[in-house]
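Colleague: Need a 3D model of the following:
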Amino acid sequence: IYKIFNIKVKSKLQHKNTTYGFTIHSKALVLYLTEFIGLPKGRKYNKLKIPNLIKKNINLIKAFVQGVVDTDFGLSFKKRKNKIYPVLAGASSTRSFIEEISEEFTKLGIKNITNLDYKVYDERFKKGYSIINTVEINGYKRLKKFIELINFRHPKNLNKIEILKVAEPGFEPGTFTHKS
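Modeller: Predicted coordinates:
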C-alpha cells in the first residue's frame, strides 16, 4: 500500500484472530477506490460486483478473483470413495456477484458449479433463514487449472495445497498427473 498510495499501514489480526486487516483514514484513497476503480462504499450487500475497470484486463481479473478467493472462499477436502476430493467454494448473498465470479472462471476455462437463491435455515436470522448463492470448483483437474491460472496467496490455502500433495502424491500442480 505504501508503494502505490504512499500510506503506511499497520496490519494486525482481528475478530478473534480469524481476520487479518488494517484501517486507513484517507478521504483521497476512498474517493480513488470508489469513484475511479468502482468499488462499492459502505455496506456491500447487493452492491458487490467486479468493477468495469478490472473486467477490461485479464491480469486484473485474475488478481481480483485471487483476492476474493483468498478472503471469501474455503478450500476443503471431502471423502469420496475412500479418497480425498478437493472442493473450493465461495458464497455470497449477492447473486449477481457469484454469477460474475462464475463467468470469469468459465472464461478462463475453469469449470465450476453455481447454486443460486437457496435457503439456508438458521435461527439467528429474523426470518429463520438466509438466501445464499455459491460457486464451487470441484475435483483435482479443476483445482489444478485454478492453481495454474489464478493460484492462492493466502498461507491457509497454500498450506492446504501442501497437505493435499502429501495426501494425494499424484497431485502436483504444474506437473499434474492425478487421475480423477
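Colleague: show me the contacts for G21.
Modeller: Under the criterion of Cβ atoms under 8 Å, 6 or more residues apart in numbering, the neighbours of G21 are 11-12, 14. No exception for glycine: its C-beta is placed from N, CA and C like everyone else's.
Colleague: Could you rerun that using 6 Å?
Modeller: For G21, the contacting residues are Q14, by Cβ atoms under 6 Å, 6 or more residues apart in numbering.
Colleague: And it, how close does it get to V120?
Modeller: The span separating G21 from V120 equals 26 Å under the rule Cβ to Cβ, to the nearest Å.
Colleague: Over to L31?
Modeller: 36 Å.
Colleague: for I101, same thing?
Modeller: Separation of I101 from V120 (Cβ to Cβ): 19 Å.
Colleague: Looking at these two, which is more packed in?
Modeller: Neighbour totals were compared for I101 and V120, and I101 leads with 24 against 12 (other Cβ atoms under 10 Å).
Colleague: where do the strands sit along the protein?
Modeller: 12-14, 19-21, 73-80, 83-92, 113-121, 129-138 (DSSP state E).
Colleague: Nearest the middle, which residue of the chain would you pick?
Modeller: V69 (1.5 Å; Cα atoms, centre = their mean).
Colleague: and it, what pLDDT?
Modeller: For V69, the pLDDT comes out at 97.
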